[in-house]
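A.B. asks: How does the following fold in three dimensions:
(4 chains)
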2 protein chains.
Amino acid sequence: MSFPRPAEDEVDRLVAAWRQERPDLDVSPLEVLSRVSRLSRHLERERRAAFSAHDMESWEFDVLTALRRAGKPYELSPGALLRATLVTSGTMTNRIDRLAAAGLVTRNPDPEDRRGVLVRLTAAGLARVDAAFTDLLRRERELLAGLGQHERQALAGLLRTLLVPFDASAENAGAHHPPMGRA
Amino acid sequence: MSFPRPAEDEVDRLVAAWRQERPDLDVSPLEVLSRVSRLSRHLERERRAAFSAHDMESWEFDVLTALRRAGKPYELSPGALLRATLVTSGTMTNRIDRLAAAGLVTRNPDPEDRRGVLVRLTAAGLARVDAAFTDLLRRERELLAGLGQHERQALAGLLRTLLVPFDASAENAGAHHPPMGRA
DNA sequence: ACCTGATATCTTGACGTCAAGATATCAGGG
DNA sequence: CCCTGATATCTTGACGTCAAGATATCAGGT
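C.D. replies: Numbers count the residues shown, from 1 in each chain, chains lettered A, B, ... in the order given. The predicted model follows:
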């Protein structure tokens, strides 16, 4: 009866259950969006596993990479960091405190705005984040091994189409409902 | 110089920054995986917005839909619920407590296993979850409006390819490191 | 009857996040 | 100069989650 067959995932089962219970509803959006949510959870676990080898937590990585990406002198304001990591100001203060205590960043007064602070990556922080990032990329490459080059580009393009409306409206967003940013 | 141009998202900018700072690394995995993570965050916000109209929290919805999907008599064990929602047992106990206090579920002894409990949706819980689910689907449909039928299926298929390895290995997973489940 | 290991749920304590508000500074107008 | 509203960061208290362990029950073997 059944040959190799295209493998099922949990979402196939979940959608089938809904079609049984609510045949009146069109649950097809779940085919895409439920998969995005679930895949994201799996990715978060992979991240944690990759970072534990470097004694690093996910939240530390998120902050340190934002600074690393900024380029020399690897310095950003707390406001820029919270916008880049999608957390609130209270959370970011707490994170900076702990990263500073660990010697991975320093907190310096902004010479041009006395309200402001600039958070700068230390040499130790730079080394840590570069090692972790390299490792993360290696693992992520394996997760994508099931797709060919062409498929990966198609997938990236389709996801971009869904993201553009969000990122466009965040373009002009204020400080407190944080706009966006991730790995 | 520039015509319509294919719109950029934040990930395009993020990847460009990495290529500037670390031209030695292949950061292309981020084109797919960073988009998955970011999109998932946006979806979580949409969920919250959809549910607030029904005085419901995301975590409540996750539990109630698992029961709803199970079909009559809308009854599952706490263990099944934690596997379906990807949280730990302590979290699930807490959630069931609050849902029971709100009158949306009842907790009954399992007649076939005295260690066990069965959580059952009340009539009020059923009505609430059906209303919220209908509303969520409507909103999710809008999020996918940018894609044609054919593109949506392609996207769903590509995501399934990435998910299958995870869901397959979770097939035989134990109880405490929770396996999987979402919306 | 009594072990033994597995299973099912609940309890506890610590932790990270958020929302709201407090404090200090800035820039521009009168 | 001193308002006023905006901006930047920090503080506080409440809340949800997790990890680890406690308790009770089950199924199989002896």
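A.B. asks: can we go C-alpha only for contacts and neighbour counts from here?
C.D. replies: OK.
A.B. asks: Who are the packing partners of the longest helix seen in chain A?
C.D. replies: In chain A, assigned by DSSP state H, the helix with the most residues is helix A:29-52. Contacts defined by 3 or more C-alpha pairs under 8 Å, 6 or more residues apart in numbering or on different chains; DSSP states H and E place helix A:29-52 against helix A:10-21, helix A:58-69, helix A:123-143, helix B:29-52, helix B:123-143, helix B:149-170.
A.B. asks: got the residues of chain A near DNA strand C?
C.D. replies: A:59, A:86-91, A:94-95, A:112-115, A:177 (C-alpha under 7 Å from any atom of the strand).
A.B. asks: same thing but 6 Å
C.D. replies: Residues of chain A lying near DNA strand C by C-alpha under 6 Å from any atom of the strand: A:59, A:87-91, A:95, A:113-115.
A.B. asks: Report how many residues lie close to A:Ala132.
C.D. replies: Using other C-alpha atoms under 10 Å in any protein chain shown, A:Ala132 has 21 neighbouring residues.
A.B. asks: Now for it: which residues touch it?
C.D. replies: A:Ala132 is in contact with A:50-51, A:54, A:61, counting by C-alpha atoms under 8 Å, 6 or more residues apart in numbering or on different chains.
A.B. asks: Can you lay out those residues as CSV showing pLDDT, distance to A:Glu75 and neighbour count?
C.D. replies: What follows is those, written out as CSV (pLDDT from 0 to 100; distance: C-alpha to C-alpha, whole Å; neighbours: other C-alpha atoms under 10 Å in any protein chain shown):
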residue, pLDDT, distance to A:Glu75, neighbour count
A:Ala50, 79, 25, 23
A:Phe51, 81, 23, 21
A:His54, 81, 22, 13
A:Phe61, 91, 15, 22
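A.B. asks: which one of those residues sits closest to chain B?
C.D. replies: The shortest approach to chain B among those belongs to A:Phe61, at 13.7 Å (C-alpha to the nearest C-alpha).
A.B. asks: Alpha carbons of stretch A:104-116, in CSV - could you do that?
C.D. replies: This file holds the C-alpha atoms of stretch A:104-116, laid out as CSV (Å, rounded to 0.1, in the frame of the first residue of the first chain):
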residue,chain,number,x,y,z
LEU,A,104,32.2,41.1,28.8
VAL,A,105,31.1,44.7,28.3
THR,A,106,31.8,48.1,30.0
ARG,A,107,29.4,50.9,30.6
ASN,A,108,30.8,54.3,29.7
PRO,A,109,29.2,57.7,29.8
ASP,A,110,28.2,59.1,26.4
PRO,A,111,30.4,62.2,25.9
GLU,A,112,27.7,63.8,23.7
ASP,A,113,24.6,63.3,25.9
ARG,A,114,24.8,63.2,29.7
ARG,A,115,21.6,61.2,29.9
GLY,A,116,23.2,58.5,27.8
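A.B. asks: Contacts for that stretch, please.
C.D. replies: With C-alpha under 8 Å, 6+ apart as the test, stretch A:104-116 has contacts from A:77, A:96, A:99-100, A:117-126.
A.B. asks: Compute the inter-axis angle for the longest helix of chain A and helix B:29-52.
C.D. replies: 120 degrees (axes from the mean of the first three to the mean of the last three C-alpha atoms, to 10 degrees).
A.B. asks: follow-up on the earlier one: identify those among the residues of chain A next to DNA strand C that sit within helices.
C.D. replies: A:59, A:89-91, A:95.
A.B. asks: Let's see if you can find the most crowded of these.
C.D. replies: Neighbour counts for these peak at A:Ser89, which has 18 neighbours (criterion: other C-alpha under 10 Å).
A.B. asks: Now that residue. Nearest residue, chain neighbours left out?
C.D. replies: What sits nearest to A:Ser89 in space, not counting adjacent residues and going by C-alpha to C-alpha, 6 or more residues apart in numbering or on different chains, is A:Leu82, at 6.5 Å.
A.B. asks: wait, isn't that neighbour in contact with A:Gly90?
C.D. replies: No: with contact defined as C-alpha atoms under 8 Å, A:Leu82 and A:Gly90 do not form a contacting pair (9.5 Å).
A.B. asks: so where is chain A shaky, pLDDT-wise?
C.D. replies: Counting by pLDDT under 70, chain A contains low-confidence ranges at A:1-6, A:168-183.
A.B. asks: interface residues of it facing DNA strand D?
C.D. replies: Contact residues, chain A versus DNA strand D (C-alpha under 6 Å from any atom of the strand): A:77-79, A:89-90, A:93, A:115-118.
A.B. asks: Buried ones only from those, please, as a PyMOL command.
C.D. replies: Buried subset of the residues of chain A next to DNA strand D, written as a PyMOL selection, criterion 16 or more other C-alpha atoms under 10 Å in any protein chain shown:
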select buried, chain A and resi 77+78+79+89+117+118
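A.B. asks: got a markdown table for the residues of chain A next to DNA strand D, with distance to A:Ala131 too?
C.D. replies: What follows is the residues of chain A next to DNA strand D, written out as a markdown table (distance: C-alpha to C-alpha, whole Å):
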| residue | distance to A:Ala131 |
| --- | --- |
| A:Ser77 | 24 |
| A:Pro78 | 24 |
| A:Gly79 | 26 |
| A:Ser89 | 28 |
| A:Gly90 | 28 |
| A:Thr93 | 25 |
| A:Arg115 | 34 |
| A:Gly116 | 30 |
| A:Val117 | 27 |
| A:Leu118 | 24 |
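A.B. asks: quick one: which of the residues of chain A next to DNA strand D sit in strands?
C.D. replies: Of these, the ones assigned to strands by DSSP state E are A:117-118.
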